[in-house]
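Engineer: fold the following and give me the result.
(one chain, ligands or ions: 1)
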Amino acid sequence: MEAPIIELKGLTKCYRSLRAVDDLDLTINKGEIFGLLGPNGAGKSTTILMLLGLTEPTSGVATVCGFNATKNPIPVKQKVGYMPDNIGFYNNMTALENLVYVGRLNGIAEAEVKERAREMLEEVGLSGAMNKRTATFSRGMKQRLGLADVLIKQPEVIILDEPTLGIDPSGVKDFLALIKQLSRQQGLTVLLSSHHLHQVQQVCDRVGIFVGGKLLAEGNIDTLAGNLFAREPFVVEVTVQNPVPPTLETDLLAIETVKKVLVNDHLLQISGSTGCTPDLVRFLVQKGMHITGVQQRSYGLDEIYERYFETNLNENSSSEKSSGLFQRSFFRKRK
Ligand SMILES: Nc1ncnc2c1ncn2[C@@H]1O[C@H](COP(=O)(O)OP(=O)(O)OP(=O)(O)O)[C@@H](O)[C@H]1O
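Structural biologist: I've put the predicted structure just below:
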């Protein structure tokens, strides 16, 4: 099997007494889209800086494309394209001029730099705007130009720090689709940091949930959900028109496959061990309930995130930034 393109072993960064990144072990394979997920201050940017050789780890090793990022930062920088969350352009120059400038800085020969820049602009969907000054660009267009900036040197890995920040929902969808397409077409490895759960869920092959400098979990969404919700993998939400009698919850819990029942006004949330929706519906009808809606839910990143935060509440309570209170408020805020 091919060696991982990014390999972090015991990676740790301390700022005085703060362990911003704490003993991080992680491998990312070629062609993968990996999402580094976590609230503000979780340590995502610090990890990225260590990957790029821009800050030295206190201990541990970051290997990128076969090079130790601390001891050998130059080849790493040649192979990795990095798009920070606050990309800047020369506003009085056009998109093409900006990109040609970056291409020259990356050592692309004068004979081919313009052609390469045009190709990149086409690839990111900006060919119609290549002669416009970037001062007139929307945030979404700037992100696309930022992507062209990192792609022009034909990297093996691209690292995108909060790439969808400030883009409207349809722009986000298009931008993520573009990243996925590029990764699949060119075998490009993508590491993107984000705190937008739903967006990451759409595009990433695997995610790492990062809180208080520690990686709490990593895997694909289905595996994470399977591990966490093994006892109650199945949820049915039933909306009823008439009031829910007080005994209904106990009656439902008497059914062998039902593990948990939550009643919230006219909404019943029933968790169980197997897919038993038709039986539940029949049962509720027999109990005289007027059903107006039934929905089978699968667990997504929101639930995974929330569950990890709940589970780690006690373990992390000594750290202010990763306390349950902080995590919950972050979680609500971001939802
Ligand atoms: N140069 C520094 N000196 C001291 N502390 C720092 C420094 N850089 C980061 N930190 C601290 O390290 C922790 C991790 O910060 P980091 O920027 O890596 O988090 P993040 O997950 O990227 O969050 P954000 O999304 O807000 O950028 C934070 O508590 C931050 O205040």
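Engineer: pLDDT weak spots in this structure?
Structural biologist: 1, 228-233, 274-275, 298-301, 308-335 (pLDDT under 70).
Engineer: what does the domain assignment say about it?
Structural biologist: 6-225, 230-297 (automatic domain parsing).
Engineer: need the winner for burial among those domains.
Structural biologist: Stretch with highest mean neighbour count among the domains of the chain: domain 6-225 (a mean of 19; mean count of other Cβ atoms under 10 Å). C-beta: built from backbone N, CA, C; applies to glycine.
Engineer: quick one: that domain near the ligand?
Structural biologist: Yes - contact of domain 6-225 with the ligand (Cβ under 6 Å from any ligand atom) involves 15, 18, 20, 38, 40-46.
Engineer: how far does that domain stretch from start to finish?
Structural biologist: 25 Å (Cα to Cα, to the nearest Å).
Engineer: for stretch 224-244, same thing?
Structural biologist: Using Cα to Cα, the end-to-end distance of stretch 224-244 comes to 34 Å.
Engineer: then stretch 264-282?
Structural biologist: Distance between the boundary residues of stretch 264-282 (Cα to Cα) amounts to 20 Å.
Engineer: contact partners of that stretch?
Structural biologist: When contacts are defined by Cβ atoms under 8 Å, 6 or more residues apart in numbering, stretch 264-282 is touched by residues 231-241, 243-244, 248, 252, 255, 257-263, 284, 291, 294, 296.
Engineer: likewise stretch 190-204?
Structural biologist: Contact with stretch 190-204 is made by 6, 28, 32-40, 44-45, 48, 51, 157-164, 172-173, 176-177, 179-180, 182-183, 207, 221, 300-302, 305, 330, 334-335, as judged by Cβ under 8 Å, 6+ apart.
Engineer: how does it look with 6 Å?
Structural biologist: With Cβ atoms under 6 Å, 6 or more residues apart in numbering as the test, stretch 190-204 has contacts from 33-37, 39, 44, 158-164, 172, 176, 179-180, 183, 207, 300-302, 334.
Engineer: and stretch 141-153, by the same measure?
Structural biologist: With Cβ under 6 Å, 6+ apart as the criterion, stretch 141-153 contacts 81, 83, 87, 95, 99, 102-103, 106, 120-121, 124, 126, 158, 175.
Engineer: scan this structure for its longest helix.
Structural biologist: helix 169-186 (DSSP state H).
Engineer: could you point out which element follows that one?
Structural biologist: Counting by DSSP states H and E, the next helix or strand C-terminal to helix 169-186 is strand 189-194.
Engineer: quick check: angle from that next one to helix 169-186?
Structural biologist: 160 degrees (axes from the mean of the first three to the mean of the last three Cα atoms, to 10 degrees).
Engineer: how about the CA coordinates for strand 189-194, as CSV?
Structural biologist: Only the C-alpha atoms of strand 189-194 are listed here, as CSV (Å, rounded to 0.1, in the frame of the first residue of the first chain):
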residue,chain,number,x,y,z
THR,A,189,-5.3,15.4,-1.7
VAL,A,190,-7.3,18.0,0.1
LEU,A,191,-7.2,19.0,3.8
LEU,A,192,-9.8,21.5,4.7
SER,A,193,-10.5,23.0,8.1
SER,A,194,-14.0,24.2,8.9
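Engineer: how far away is residue 77 from the ligand?
Structural biologist: 19 Å (Cβ to the nearest ligand atom, to the nearest Å).
Engineer: for residue 50, what are its contacts?
Structural biologist: Here residue 50 is in contact with 57, 62 (Cβ under 6 Å, 6+ apart).
Engineer: what helix or strand is it on?
Structural biologist: Secondary structure assigned from DSSP H and E places residue 50 in helix 44-51.
Engineer: who are the packing partners of the helix or strand just after that helix?
Structural biologist: The C-terminal neighbour of helix 44-51 among helices and strands, as given by DSSP H and E, is strand 59-64. Counting contacts by 3 or more Cβ pairs under 6 Å, 6 or more residues apart in numbering; DSSP states H and E, strand 59-64 is packed against strand 6-15, helix 44-51.
Engineer: can I get the longest helix of the chain as CSV, trimmed to CA atoms?
Structural biologist: Extracted in CSV, the C-alpha atoms of helix 169-186 (Å, rounded to 0.1, in the frame of the first residue of the first chain):
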residue,chain,number,x,y,z
PRO,A,169,-25.1,28.9,0.4
SER,A,170,-25.3,28.4,-3.3
GLY,A,171,-21.7,29.6,-3.7
VAL,A,172,-20.6,27.2,-1.0
LYS,A,173,-22.2,24.3,-2.8
ASP,A,174,-20.6,25.2,-6.1
PHE,A,175,-17.2,25.8,-4.4
LEU,A,176,-17.3,22.4,-2.6
ALA,A,177,-18.4,20.6,-5.8
LEU,A,178,-15.4,22.2,-7.6
ILE,A,179,-13.0,21.0,-4.9
LYS,A,180,-14.4,17.5,-5.1
GLN,A,181,-14.2,17.4,-8.9
LEU,A,182,-10.6,18.6,-8.8
SER,A,183,-9.6,16.1,-6.2
ARG,A,184,-11.2,13.2,-8.1
GLN,A,185,-9.9,14.3,-11.6
GLN,A,186,-6.3,15.0,-10.5
